[in-house]
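K.L.:
requesting a structural model of the entry that follows:
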Amino acid sequence: MKLKSGLILLICACLLCLSAGKPDLNISPEEDLFGSDEPLKVSIKGDFKMLFKDRTDKREYLPFQISYEDKGITRTQKMKIMVRGNFRRSRCEFPPMKLNFSKKESKGTIFEGYNKVKMVVPCHMESPKFTNYLHLEYLTYKGYNAITDTSYKVRLVETTFIDEGGKYDTFSSWTFIIEPTSELGFRIKAQELEKMKLHPNNTHRLQATRLAMYEYMIGNTDWSIGGLHNIKLMEPVEGGIPVAVPYDFDFSGIISTPYATPDPTLGIRTVRDRLYRGFCQSEILTNKVIDQFKISKDSMINLYLDYPYLDEKQKKNSVNYLNSFFKTIENPKVAKRIFLKGCRTAG
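P.N.:
The predicted structure is shown next:
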């Protein structure tokens, strides 16, 4: 009896830890920060010259303020920003950012309950080409949302940047924000396993295969469950097998940024060349995942066709790339060769 009571207390404690990252909102899901597909419109003011100069490993948060419209009222609150990322932090004119909201400033706003939120920006904000890449990366997150709820939600944001450092003129750009891991954990009732590296077969195998097949579909090899590269491991709070959740899709072939190159050890020439990186599973499990992707074909294609911020040429390129994947899984012999015979057994 004591053991059972202790287990119940442990589970409750885990749930309380997770709820700390969940906004305490008395609003409908559509009014939640990540509960709507409607683009958010904000202005961010501060010293961007100083912010983008600080790209070291010892970088710090700098003071900024954010404004947005809420039911006809302009709300302004203080926050802090730090540049983030690895590859893009050192190579992009405008690196990704992490927005840090204070509990006091956010009370009663759409940001209430959210602490640190990642923002993805175009590598070169005044370049239509890089804005296009941003939209395509946003869609890779939305596509994975359509495959599984165990995925990061995103929200498109039309952002006006006002630089008080004197280097940049005021300008607007599309950006998007990513659901915090703590909020993901609350939503799927799981907690992050930080710095714990597991073999993919020691994680939820169906989910790992689904993840690997999605990465194959979008032409992304820049990930590793075992190496925790662009992957978060989430463990169910009530016990169970850890689940892998992917993020950072900018090296995908469906996006094809100029800086994206595959690892030379993989034996592919460009990121447009697909390579299945999933570990071998049973034919029954693999076919179950393939069948799910077959069912998702129309919704996945329409995600790109119906997206209003891509031009017709880019829509056509994206749909053609996706259709080449669906042609593969609709051919049993080819699918067996790639996903059952070409799967990984080691490494």
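
K.L.:
mean pLDDT per helix and strand in this protein: which one sits at the bottom?
P.N.:
helix 2-19 (a mean of 41; mean pLDDT, DSSP states H and E).

K.L.:
immediately after it, which helix or strand?
P.N.:
Later in the chain than helix 2-19, the nearest helix or strand by DSSP states H and E is strand 40-46.

K.L.:
and the lengthiest helix in the chain, how far from the chain's centre?
P.N.:
The helix that spans the most residues within the chain, counting by DSSP state H, is helix 128-147. Distance of helix 128-147 from its chain centroid, counting by C-alpha atoms, centre = their mean, to the nearest Å, is 9 Å.

K.L.:
now swap in stretch 205-217 and tell me
P.N.:
A distance of 15 Å separates the centroid of the chain from that of stretch 205-217, by C-alpha atoms, centre = their mean.

K.L.:
that one - what's its average pLDDT?
P.N.:
When pLDDT is averaged over stretch 205-217, the result is 98.

K.L.:
residues in contact with it?
P.N.:
Residues from elsewhere that reach stretch 205-217 (C-beta atoms under 8 Å, 6 or more residues apart in numbering): 143-144, 147-148, 150, 200-201, 221, 223, 225, 243-246, 252, 274-279, 281, 285-286, 288-290, 292-293, 322, 325, 338-339. Where you see a C-beta, it was placed from the backbone N, CA and C, and this is true even at glycine.

K.L.:
and stretch 255-266, by the same measure?
P.N.:
Outside stretch 255-266, the residues within contact range by C-beta under 8 Å, 6+ apart are 87, 91, 123, 130, 133, 136-137, 140, 218, 221-222, 249-252, 268-273, 275.

K.L.:
hmm, back to that, buried among the contacts of stretch 205-217? Make that a ChimeraX selection.
P.N.:
In ChimeraX, this line selects whichever of the contacts of stretch 205-217 come out buried by 16 or more other C-beta atoms under 10 Å:
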select :143,144,147,148,150,200,221,223,225,243,244,245,246,252,274,275,276,277,278,279,281,286,289,290,293,322,325,338,339
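
K.L.:
wait, doesn't S36 sit right on R155?
P.N.:
Yes. Look at S36 against R155 with C-beta atoms under 8 Å: they come within range, at 7.3 Å.

K.L.:
you'd agree R89 is in a helix?
P.N.:
Yes. Per DSSP: H, G, I helix; E, B strand; the rest coil, R89 lies within a helix segment.

K.L.:
any weak-confidence spans in this structure?
P.N.:
Within the chain, the stretches with pLDDT under 70 are 1-31.

K.L.:
how about the helices in the stretch 201-347 of the chain?
P.N.:
205-218, 283-295, 297-305, 312-329, 332-335 (DSSP state H, counting those that start in this stretch).
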